[in-house]
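*Asks:* the following comprises the amino acid sequence and a computationally predicted model.
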2 protein chains.
Amino acid sequence: MARAYELKARAESAAETRRRIIDAVIDRLRKAPAERISVDAVARKAGVARSTVYLIFGSRAGLFDAVALEVYDRAGYPRLLEAVRVPDPRDTLRGGITAGVHIFAAYRDVFRALYSMEELEKEATGGAISRVEENRAEGMAWLARRLSRHKQLRPGVKIAEAAHVLWIAASFEAFDLLYTGRGLSADETARILVENTERAICR
Amino acid sequence: MARAYELKARAESAAETRRRIIDAVIDRLRKAPAERISVDAVARKAGVARSTVYLIFGSRAGLFDAVALEVYDRAGYPRLLEAVRVPDPRDTLRGGITAGVHIFAAYRDVFRALYSMEELEKEATGGAISRVEENRAEGMAWLARRLSRHKQLRPGVKIAEAAHVLWIAASFEAFDLLYTGRGLSADETARILVENTERAICR
DNA sequence: CATTCACGAGACACGCTGTCAAGTGAAAGT
DNA sequence: ACTTTCACTTGACAGCGTGTCTCGTGAATG
């Protein structure tokens, strides 16, 4: 078990440093979501040299990529995947949107910053958000097909159109328009998204 | 008519310079929407000294504020206000969303950059987008009340909830999720937004 | 013919990014 | 116990961006 020994103190402290830096970014984004954040400020907050950030993450983009993955995970992405894997597609719809809303709500400011960065400075992110969004697109197509197969779609609503509507309803932007834009709670946001999506595309 | 004389050549050329700078920003955003844009690059593209940009617009934020107002206007904001002022609230809903979608589609990349900037660097914009969004919020409340008064709301759908749903359906983000995210045409985007909103909240 | 004024040229201080060279000190291997 | 490894630090560098200011300059204006 040479590996176990290697993971003793050196590697452990390395992981700790990495975590401290990611935490610093998350903290900073929560306290000032609408302000540009510098690598220098992150390093100081984490009690680490600026060059260490570059050493560990390679670049500013690499740092934000790592933050995105970490935040998805902490916020409950695994629980979403679970909530979605149920036999009844109506339950998938309800559980999926609700789980998604609670993920976004848990780290709203961080996700807001990451989603906006992805649009504004493609170079400034590692593309973690884009990769998750690609999965989401597949998920919506899969759900729309299942709804159709279970005769759950409203007559006249094509599978593709259902997928488009689901694509909006389960998006961060739809969540944020209600949660931040309208000041609703996470539960209320989820309820409105679920019910109106069902009325729009389900029988 | 001393004023008319004043507006002869000096003031005219001043307006021309202002326009050239705004055009440079718009051009640049259309060619590279996901890249950070510097005042220096704008000035060079407009064939103008960098200090002139600061002279005319005061700051980077002032520049983007002016760009936002200009783009809304060019894209057809006045037409939207017209489309919305009709007796039947159902026509307001259809015409408003459709007009909005065509505004966004006409300058999609510029709006994308401006909306993301507004979220990411509050300091970096003059808040033109926020002001338009405040108007939009009032518009949605007004439309929801009118739909209710005309008995057009689905039984069980409260006025506030209708306003929430309209708030999403008429947003730039909903537009962009379909237009860019799903590769739909402007007409198709408008149709889907209108029809599904009606199914969700109208009887 | 003098004045006004839009605009240009260029320098300044300051902040941020990304990279690199030369350490330092504690954990790990022998 | 002695050396090696390695996570991390210090500090400097070039390059680019912002915002401000001063001093032109030439054409429209009176």
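*Replies:* Happy to help now that I have it.

*Asks:* alpha carbons only for contacts and neighbour counts from here, please
*Replies:* Noted.

*Asks:* can you dump the C-alpha atoms of the helix or strand harbouring residue A:148 in PDB for me?
*Replies:* Element membership of residue A:148, judged by DSSP states H and E, is helix A:128-149. Extracted in PDB, the C-alpha atoms of helix A:128-149 (Å, rounded to 0.1, in the frame of the first residue of the first chain):
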ATOM      1  CA  ALA A 128     -17.400  23.200 -17.200                       C
ATOM      2  CA  ILE A 129     -20.800  24.900 -17.400                       C
ATOM      3  CA  SER A 130     -21.000  24.200 -21.200                       C
ATOM      4  CA  ARG A 131     -20.400  20.500 -20.600                       C
ATOM      5  CA  VAL A 132     -23.100  20.300 -18.000                       C
ATOM      6  CA  GLU A 133     -25.500  22.100 -20.300                       C
ATOM      7  CA  GLU A 134     -24.800  19.600 -23.100                       C
ATOM      8  CA  ASN A 135     -25.800  16.800 -20.700                       C
ATOM      9  CA  ARG A 136     -28.900  18.800 -19.800                       C
ATOM     10  CA  ALA A 137     -29.800  19.000 -23.500                       C
ATOM     11  CA  GLU A 138     -29.600  15.300 -23.800                       C
ATOM     12  CA  GLY A 139     -31.600  14.900 -20.700                       C
ATOM     13  CA  MET A 140     -34.400  17.000 -22.000                       C
ATOM     14  CA  ALA A 141     -34.600  15.100 -25.200                       C
ATOM     15  CA  TRP A 142     -34.700  11.800 -23.300                       C
ATOM     16  CA  LEU A 143     -37.500  13.100 -21.000                       C
ATOM     17  CA  ALA A 144     -39.500  14.400 -23.900                       C
ATOM     18  CA  ARG A 145     -39.300  11.000 -25.700                       C
ATOM     19  CA  ARG A 146     -40.400   9.300 -22.500                       C
ATOM     20  CA  LEU A 147     -43.300  11.600 -22.000                       C
ATOM     21  CA  SER A 148     -44.400  10.900 -25.500                       C
ATOM     22  CA  ARG A 149     -44.100   7.200 -25.200                       C
END
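
*Asks:* which parts of chain A are helices?
*Replies:* For chain A, helices defined by DSSP state H occupy the ranges A:2-6, A:10-31, A:39-46, A:50-57, A:60-75, A:77-84, A:89-106, A:108-120, A:128-149, A:159-169, A:172-179, A:186-201.

*Asks:* quick one, what contacts residue A:177?
*Replies:* Shown in contact with residue A:177 (Cα atoms under 8 Å, 6 or more residues apart in numbering or on different chains): B:167-168.

*Asks:* without its sequence neighbours, what residue ends up closest to residue A:69?
*Replies:* Nearest non-adjacent residue to residue A:69, counting by Cα to Cα, 6 or more residues apart in numbering or on different chains: residue A:128, 6.6 Å away.

*Asks:* check the gap between the residue most central in space within chain A and DNA strand D for me.
*Replies:* By Cα atoms, centre = their mean, chain A has its centre lying nearest to residue A:72, at 4.6 Å. Using Cα to the nearest atom of the strand, to the nearest Å, residue A:72 is found at 23 Å from DNA strand D.

*Asks:* nearest spatial neighbour of that residue, skipping sequence neighbours?
*Replies:* residue A:103 (7.3 Å).

*Asks:* wait, the one you found touches residue A:77, no?
*Replies:* Yes - taking contacts as Cα atoms under 8 Å, residue A:103 lies within contact range of residue A:77: 6.9 Å.

*Asks:* the two: which is more packed in?
*Replies:* Using other Cα atoms under 10 Å in any protein chain shown as the criterion, residue A:103 and residue A:77 rank with residue A:103 on top: 23 against 19.

*Asks:* so what's that one up against?
*Replies:* Counting by Cα under 8 Å, 6+ apart, residue A:103 makes contact with A:72, A:75-77.

*Asks:* what's the local residue count around residue A:137?
*Replies:* Residue A:137, neighbours per other Cα under 10 Å, totals 18.

*Asks:* ok, it touching residue A:167?
*Replies:* Yes - under the criterion of Cα under 8 Å, residue A:137 makes contact with residue A:167 at 6.8 Å.

*Asks:* for residue A:167, see how far away residue A:143 is.
*Replies:* Distance of residue A:143 to residue A:167, given as Cα to Cα, to the nearest Å: 10 Å.

*Asks:* my bad, should have said residue A:40
*Replies:* 37 Å.

*Asks:* tell me which of the two has more neighbours.
*Replies:* Taking other Cα under 10 Å, residue A:40 and residue A:167 do not tie; residue A:167 has more neighbours (24 against 14).

*Asks:* count the neighbours of the spatially closest residue to the more buried one that is not a sequence neighbour for me.
*Replies:* Leaving aside its sequence neighbours, residue A:167 sits nearest to residue A:140 (Cα to Cα, 6+ apart; 6.2 Å). By the criterion of other Cα under 10 Å, residue A:140 has 21 neighbours.

*Asks:* contact partners for residue A:140?
*Replies:* Contacts for residue A:140 (Cα under 8 Å, 6+ apart) come out as A:163-164, A:166-167.

*Asks:* and the pLDDT at it?
*Replies:* pLDDT, residue A:140: 98.

*Asks:* please apply the same query to residue A:3.
*Replies:* Reported pLDDT for residue A:3: 45.

*Asks:* quick check: phi and psi at residue A:35.
*Replies:* Phi and psi for residue A:35, reported as degrees, to the nearest 10, are phi -120, psi 140.

*Asks:* now the residue nearest to it when sequence neighbours are not counted: how far from residue B:137?
*Replies:* Among residues not flanking residue A:35 along the chain, residue B:121 sits closest, at 5.3 Å (Cα to Cα, 6+ apart). From residue B:121 over to residue B:137 the distance is 22 Å, taken as Cα to Cα.
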